[in-house]
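1. kindly generate the corresponding structure for this input.
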Amino acid sequence: MKLKTWLVRLGVGLIVAALGPIILAAAVALVPGSTEVTVSALLAGEQVGLTLGVYLLLALSILVLVLIYQAILQPLLGRIEEDDREEGLVKWFNVSKGFGFVTRDNGEDVFVHFRSIRGRGHRSLQEGQRVRFGVVESSKGLQAEDVTIVRQR
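-> Numbering: from 1, shown residues only. Okay, the predicted model is just below:
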């Protein structure tokens, strides 16, 4: 996993972990008779250590759960997600005009426009490149949408 991705996941985990105990404490405070500690007692310094300890324990446990979810379950769930798109090869793509054709595995050509290519920056395709795409029927024929480049391993 890249360091940047790991740091983003850690940041999200910290935000969720910091807010979790506050939301839990607010929910408990709504139950009548459940809070014996008053705000004035907390401000006076009574039981601050215990309260802070419980908060940190809850925050740490939520952080661990979020990181476990992000590290283990998300990649597994991502693989399970069904992708009904098909694969094909780029027949040709004119970068200056912003369109080209992709050949499906059955030999049929599908029109592709640069707006249909997923990604940031200058979106273009190279001849012979393997891509994954969805096919829609337009007034002019078959058109590719949601085009992504298949990474070679």
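
2. what helix or strand is residue 135 located in?
-> Using DSSP states H and E, residue 135 sits within strand 130-138.

3. neighbouring strands - and their directions - for that strand?
-> strand 86-94 (antiparallel), strand 141-149 (antiparallel) (DSSP bridges).

4. next, the buried residues of it.
-> Within strand 130-138, the residues scored as buried using 16 or more other CB atoms under 10 Å are 131-133, 135. For the C-beta atoms, the positions are set from N, CA and C on the backbone; glycine is no exception.

5. alpha carbons only: can I get it in PDB?
-> Taking C-alpha atoms only, strand 130-138 is exported to PDB below (Å, rounded to 0.1, in the frame of the first residue of the first chain):
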ATOM      1  CA  ARG A 130      -6.300  -3.300 -23.000                       C
ATOM      2  CA  VAL A 131      -9.300  -1.500 -21.500                       C
ATOM      3  CA  ARG A 132     -12.400  -2.300 -19.600                       C
ATOM      4  CA  PHE A 133     -15.700  -0.600 -20.600                       C
ATOM      5  CA  GLY A 134     -19.400  -0.600 -20.500                       C
ATOM      6  CA  VAL A 135     -21.400  -0.500 -23.800                       C
ATOM      7  CA  VAL A 136     -24.500   1.600 -24.400                       C
ATOM      8  CA  GLU A 137     -26.600   1.900 -27.600                       C
ATOM      9  CA  SER A 138     -26.700   5.500 -28.900                       C
END
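
6. residues in contact with it?
-> By CB atoms under 8 Å, 6 or more residues apart in numbering, the surrounding residues in contact with strand 130-138 are 83-90, 102, 104, 110-112, 116, 125, 142-150, 152.
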